[in-house]
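*Asks:* got a predicted structure here, sequence first:
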Amino acid sequence: MNKTFRQDLVVRPRRIRTDDWTRRMVAENRLSVDDFIWPVFLQEDNGTTDVPSMPGVKRYGPDCLIDAIADAVELGIPAIALFPYNNPATKTEDCREAYNPDNLICQATRSIRKHYQEIALIGDVALDPYNSLGHDGIVKDGVILNDESVEILCRQALVQAEAGCDYIGPSDMMDGRIGAIRDTLDDAGYTYTKIMSYSAKYASGFYGPFRDAVGAKGALKGDKKTYQMDPANSEEALRLVENDLQQGADMVMVKPGIAYLDIIQRIKDTFGVPTMAYQVSGEYAMIKAASANGWLDHDAVMMESLMAFKRAGTDAVLTYFALDAARLLK
């Protein structure tokens, strides 16, 4: 090697990659168990039911739920999000089961609170698990009604707060629902119940397995493009986040995740507020399917995908990998 060439290589970035301890010391981002929110599906019947399109994911009956939560608590996961798989007989066009104080989310919340105080509970506020037509809002003559839906969402949020949810997670994308829910909670004395708003929820093709998990897929008539965001839009996400923050959201959610890392980064850079992401069912199912076929290293890709969220600026990730990732980190 001639002298001129050596001079050109005075800066050698590879030096800090040559050993494990140096790579650890200079890592720009780190994952910890505090970064994970675990989504939990609830069912009325005792026992568990596998979700075929989401390998490793189960619905938990009341007799199994507390043991499942115990695993999350032992691993140090800070929060779980509750989603119901409702009996078809409880699904109606007026979605009245959503604000039943004895619905699955409310029952599960009270049950968990009897055993554990150290894990946060997030109630999903949306109408699709309760709607016989599969939509996130009240439907009349094929049109999703905004203000009528918001009234139901407020009642749903209130019964969840009364049951003991620490966070309300409106995932419906109706206009004005954050301000209305904040006023409802405050008027009822739940000033410190937090709102995690799904501010930028896209009309995505990645949701299919989730709709299987909550029993909403077969009921859905049409699509959700009149209220969920167009995947082509980015500036709109910033406007929606700003609007929700002004209405009282404490933190915001981007959904889906991996395909929307640019949105996560723009929101975090613009507003500097707690920003969450949902690694949705389709993202999870793709990694599971590819690893089951031997095409990908499951654990490596799982952790790499979670690090991508961290690098983009998320404060926490709602992920079905939460338990597996936490065990690896332990």
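*Replies:* The structure has been received and is ready for your questions. Numbers count the residues shown, from 1 in each chain.

*Asks:* do a quick rundown of the helices in the chain.
*Replies:* 3-8, 20-26, 62-75, 104-115, 146-163, 177-187, 208-213, 235-247, 261-271, 281-292, 298-312, 322-329 (DSSP state H).

*Asks:* can you check what angle separates the fifth one from helix 177-187?
*Replies:* With axes from the mean of the first three to the mean of the last three Cα atoms, to 10 degrees as the basis, helix 146-163 and helix 177-187 are set at 40 degrees to each other.

*Asks:* again, but for the third one
*Replies:* On the basis of the same axes, to 10 degrees, helix 62-75 is oriented at 90 degrees to helix 177-187.

*Asks:* tell me what helix 62-75 is packed against?
*Replies:* On a contact count with 3 or more Cβ pairs under 8 Å, 6 or more residues apart in numbering; DSSP states H and E, helix 62-75 meets strand 36-43, helix 104-115, helix 322-329. Glycine gets a C-beta too; all of them are placed from N, C-alpha and C.

*Asks:* residue 208 is nearest to which of these?
*Replies:* Nearest to residue 208 among these is strand 36-43; the distance by Cβ to Cβ comes to 15.0 Å.

*Asks:* what angle sits between the closest one and helix 62-75?
*Replies:* Using the same axes, to 10 degrees, strand 36-43 lies at 170 degrees relative to helix 62-75.

*Asks:* just how off-centre is stretch 92-106 within its chain?
*Replies:* Per Cα atoms, centre = their mean, to the nearest Å, the displacement of stretch 92-106 from the mean C-alpha position of its chain is 20 Å.

*Asks:* need the contact partners of it.
*Replies:* 42-44, 82-86, 90-91, 123-124, 127, 129-133, 138-139, 152-153, 155-156, 158-160, 162-163, 165 (Cβ atoms under 8 Å, 6 or more residues apart in numbering).

*Asks:* again, 6 Å this time
*Replies:* 42, 82, 84, 90, 123, 127, 130-132, 152, 155-156, 159, 163 (Cβ atoms under 6 Å, 6 or more residues apart in numbering).

*Asks:* now those as JSON lines including neighbour count and pLDDT?
*Replies:* Output for these, formatted as JSON lines (neighbours: other Cβ atoms under 10 Å; pLDDT from 0 to 100):
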{"residue": "42", "neighbour count": "22", "pLDDT": "97"}
{"residue": "82", "neighbour count": "24", "pLDDT": "98"}
{"residue": "84", "neighbour count": "25", "pLDDT": "96"}
{"residue": "90", "neighbour count": "18", "pLDDT": "94"}
{"residue": "123", "neighbour count": "27", "pLDDT": "98"}
{"residue": "127", "neighbour count": "28", "pLDDT": "95"}
{"residue": "130", "neighbour count": "26", "pLDDT": "95"}
{"residue": "131", "neighbour count": "28", "pLDDT": "93"}
{"residue": "132", "neighbour count": "16", "pLDDT": "91"}
{"residue": "152", "neighbour count": "24", "pLDDT": "98"}
{"residue": "155", "neighbour count": "18", "pLDDT": "98"}
{"residue": "156", "neighbour count": "29", "pLDDT": "98"}
{"residue": "159", "neighbour count": "19", "pLDDT": "98"}
{"residue": "163", "neighbour count": "22", "pLDDT": "98"}
